[in-house]
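J.: when you get a sec, could you give me coordinates for this:
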Amino acid sequence: MVSTYLSGKVTLRGGGVQDFEGYASWRGTSFSTATVSGAIAAGTKPGEVTATGAFHAALATGDVVKKFAWQDEALFT
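T.: Below you'll find the predicted structure:
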């Protein structure tokens, strides 16, 4: 996730001050959860497409959900 989060001087939690300018970026599951769950919800259709089906559709496109080599195939069935 990339955002124009901070610009200017920021007092750090551990002490000191640091200048921030431009974009901040974050990585991790807490930022992807809303994106992935939203894509799954948007892809469901009551009585037609289940959440599992919508997940597989999102995984197939690779736009929102990407499977990594280390992930167990059983997680995606």
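J.: using the three-state scheme, assign residue 10.
T.: Here residue 10 is recorded as strand under DSSP: H, G, I helix; E, B strand; the rest coil.
J.: ok, now which ones touch it?
T.: Applying Cβ atoms under 8 Å, 6 or more residues apart in numbering to residue 10 gives the contacts 17-20. All C-beta spots, glycine's among them, are computed from the backbone N, C-alpha and C.
J.: out of these, who's the most crowded?
T.: residue 20 (12 neighbours; other Cβ atoms under 10 Å).
J.: could you check how far that one is from residue 10?
T.: 6 Å (Cβ to Cβ, to the nearest Å).
J.: run a quick neighbour tally on residue 57.
T.: Residue 57, neighbours per other Cβ under 10 Å, totals 16.
J.: by contact count, what packs against the helix or strand hosting it?
T.: Counting by DSSP states H and E, the element that carries residue 57 is helix 51-61. Helix 51-61 sits against helix 29-43, with contacts defined as 3 or more Cβ pairs under 8 Å, 6 or more residues apart in numbering; DSSP states H and E.
J.: buried residues in the helix it packs on, which are they?
T.: 39-40, 43 (16 or more other Cβ atoms under 10 Å).
J.: just give me the closest of these to residue 54.
T.: residue 43 (3.1 Å; Cβ to Cβ).
J.: which residues of this structure score low on pLDDT?
T.: 1-6, 24-29, 65-77 (pLDDT under 70).
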